[in-house]
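In: What follows is a predicted structure for the sequence shown.
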Amino acid sequence: MTRFQELIDNVSPITSDQNHRFHCAVDASWLQGRTAFGGLTAALLAKALSKDLESSRRLRALSVNFIGPTSPGNHELHTRSLRDGGSVSHRYGELICNGDIAVNASAAFGVDRASTVVESSNSKPEARPPEDCQDLPQIDGVTPAFTQHFDIRLAHGAWPFSGSDTADYAVWIRFKDSAPMDIYRLIALGDVPPIPGLNRVKFPSMGSSLSWYLECPNDVTDQATDDWWYYDYRCQAAANTYYHNSGQLWAPNGKLALLGRQVAMIFEK
């Protein structure tokens, strides 16, 4: 079982004279069904996309498409710079698995600029403390393998395959291992919770993310990844197996860490 940080640190240029093609690897413990956990593949791409960028250019937005399965093993990341402006750098990248594009992503990295406007109207919802919440059940053949790297507790709503009358729910999540917070670990946390809507159906229905869009409004890299983060996940529309979801991830200090949107499919059986 390979730790998350090892996989991120393993992203490296294929040759010393090329900064747009990188090695990466996926361990079987990070699978979600027959493909790698989307939070991992998105983080691997983000690591390659941020290559050679100044630290002041923080990730502001990341748009990810999950095109095909990413199997365990060694793969390539191909990136290119679209534009470096005075404030923002745009990057595009692809994860190549067995010669095919499995995941692609576009990212915007921007510097802080002086502004008289600060808007923070959202506040973390009230919720039961994590010590009073139920752990995600670990069931062979049902619970994805990657969840062994995280603690996940239900704050409200229902677990997948419970036949609930609402898709909306919230969880407390954290890494089981202790390592400094960075944007890659934050991306991974943002994809841990199950798709809203899986709790509306019964097993053995299956879910799959088509696209995932993230915004990073605050720098929360001073927070601990093995502390509890709160994820509020809601379904805003669903029909014909397509689910349109939105989520908010809150850091332990109460700051809004991520805003997310997702289009997913759930195949009922």
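Out: In hand now; what should we look at? Numbering: from 1, shown residues only.

In: Helix or strand: which one has Val64?
Out: Taking DSSP states H and E as the criterion, Val64 maps to strand 58-66.

In: Following the chain onward from that strand, which element is next?
Out: The C-terminal neighbour of strand 58-66 among helices and strands, as given by DSSP H and E, is strand 73-84.

In: coming back round to it: mind listing the strands the strand holding Val64 pairs with, and their directions?
Out: Using DSSP bridges, strand 58-66 pairs in its sheet with strand 100-110 (antiparallel), strand 206-215 (antiparallel).

In: And the shortest one, what's buried?
Out: Translated: strand 206-215. In terms of neighbour count (16 or more other Cβ atoms under 10 Å), strand 206-215 has its buried residues at 207-209, 212-214. Yep, even glycine has a C-beta here, placed from its N, CA and C like the rest.

In: and if you look at stretch 76-93?
Out: Counting neighbours by 16+ other Cβ under 10 Å, one finds that the buried residues in stretch 76-93 are 77-79, 89-93.

In: pLDDT for those residues - can I get that in CSV?
Out: Formatted as CSV, the buried residues of stretch 76-93 follow (pLDDT from 0 to 100):
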residue, pLDDT
Leu77, 98
His78, 97
Thr79, 97
Ser89, 98
His90, 98
Arg91, 98
Tyr92, 98
Gly93, 98
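
In: what's the closest of these to Ser12?
Out: Leu77 (9.9 Å; Cβ to Cβ).

In: Sheet partners, orientation included, of the helix or strand of the chain with the lowest mean pLDDT?
Out: Taking mean pLDDT, DSSP states H and E as the measure, the chain has strand 12-13 as its least confident helix or strand, at a mean of 94. If you go by DSSP bridges, strand 12-13 pairs up with strand 21-26 (antiparallel).

In: ok, residues contacting the strand it pairs with?
Out: Residues outside strand 21-26 that contact it (Cβ atoms under 8 Å, 6 or more residues apart in numbering): 2, 7, 10-15, 36, 40-41, 44, 48, 51, 70-79, 95.

In: In the stretch 51-200 of the chain, where is pLDDT below threshold?
Out: Within the stretch 51-200 of the chain, the segments meeting pLDDT under 70 span 121.

In: Leu44 contacts Glu6, doesn't it?
Out: No - Leu44 lies out of contact with Glu6 (Cβ atoms under 8 Å); the separation is 11.9 Å.

In: quick one, which of the two is more surrounded?
Out: Leu44 (29 against 10; other Cβ atoms under 10 Å).

In: Is that one part of a helix or strand, or is it coil?
Out: Of the three states, Leu44 takes helix under DSSP: H, G, I helix; E, B strand; the rest coil.

In: Now do it, the pLDDT please.
Out: We have a pLDDT of 99 for Leu44.

In: Please apply the same query to Ser16.
Out: Looking at Ser16, the pLDDT reads 64.

In: Run through the helices of the stretch 51-200 of the chain in chain order.
Out: For the stretch 51-200 of the chain, applying DSSP state H, counting those that start in this stretch gives helices covering 183-189.

In: give me the number of residues near Gly190?
Out: As a burial measure, Gly190 scores 27 neighbours (other Cβ under 10 Å).

In: What distance do you get for it to Ser209?
Out: Look at Gly190 and Ser209: by Cβ to Cβ, to the nearest Å, they are 12 Å apart.

In: Next: His20.
Out: Note on His20: its distance to Ser209, by Cβ to Cβ, is 26 Å.

In: Any of the contacts of strand 21-26 buried? List them.
Out: Those of those that meet the buried threshold are 7, 10-11, 36, 40-41, 44, 48, 51, 70, 75, 77-79, 95, by 16+ other Cβ under 10 Å.

In: re the thing from before, give me the distance between the least confident helix or strand of the chain and the centre of its chain.
Out: Once both centres are worked out by Cα atoms, centre = their mean, to the nearest Å, strand 12-13 turns out to sit 22 Å from its chain's centre.

In: quick one on the thing from earlier: looking at the strands paired with strand 58-66, spot the one closest to Ser164.
Out: Counting by Cβ to Cβ, Ser164 lies closest to strand 206-215 out of those; the figure is 14.3 Å.

In: Which SSE is immediately downstream of the closest one?
Out: Next helix or strand after strand 206-215 toward the C-terminus (DSSP H and E): strand 229-239.
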